[in-house]
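1. Build the 3D model from these lines:
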Amino acid sequence: MYWIILFVAGLFEVAWAIGLKYTEGFSKLIPSIFTIVSMIISMGLLAYAVKHIPVGTAYAVWTGIGAVGTAILGIILFNESKEFVRIFFIFLIVVGIVGLKIFSD
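-> Below is the predicted model:
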């Protein structure tokens, strides 16, 4: 259950990271509200998850999900680099997340 909550927290981290692009420096109201609400939900879910998942593991997984999701959406939405080396290192982050899940307490 706590791992699912952590995963959802990571998805909300992706939402607020991508939302930052649309806020244009928090000068656009609706994207800014979406981004701030996503930040609050993401942090709240992370805080709840660390009740039963070690904080170091939870934080690493949370940031990993955020980094991978944001990088993938950056490629899809903003035409960011699709170079093999970049995709390879994104894949390594995924391997790290899976490893932490498998080998955590």
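2. Give me the residues contacting the longest helix along the chain.
-> If you go by DSSP state H, the chain has its longest helix at helix 55-78. If you take Cβ atoms under 8 Å, 6 or more residues apart in numbering as the criterion, helix 55-78 is touched by 6-7, 9-11, 13-14, 17-18, 21, 42, 46, 49-50, 53, 80-82, 86, 90, 93-94, 96-97, 100-101, 104-105. Just so you know, the C-beta spots here come from the backbone N, C-alpha and C atoms, and that holds for glycine as well.
3. Narrow the residues you listed to those in helices?
-> The members of the contacts of helix 55-78 that map onto helices under DSSP H are 6-7, 9-11, 13-14, 17-18, 21, 42, 46, 49, 86, 90, 93-94, 96-97, 100-101.
4. just the buried members of those?
-> Among the ones in helices among the contacts of helix 55-78, those scoring as buried are 6-7, 9-10, 13-14, 17-18, 42, 46, 49, 93, 97, 100 (criterion: 16 or more other Cβ atoms under 10 Å).
5. so which pair among these is furthest apart in space?
-> Spatial extent of those (Cβ to Cβ) is set by the pair 18 and 100 at 23.5 Å.
6. Now do the contacts for residue 36.
-> By Cβ under 8 Å, 6+ apart, the contact list for residue 36 reads residue 16.
7. Understood, closing this out.
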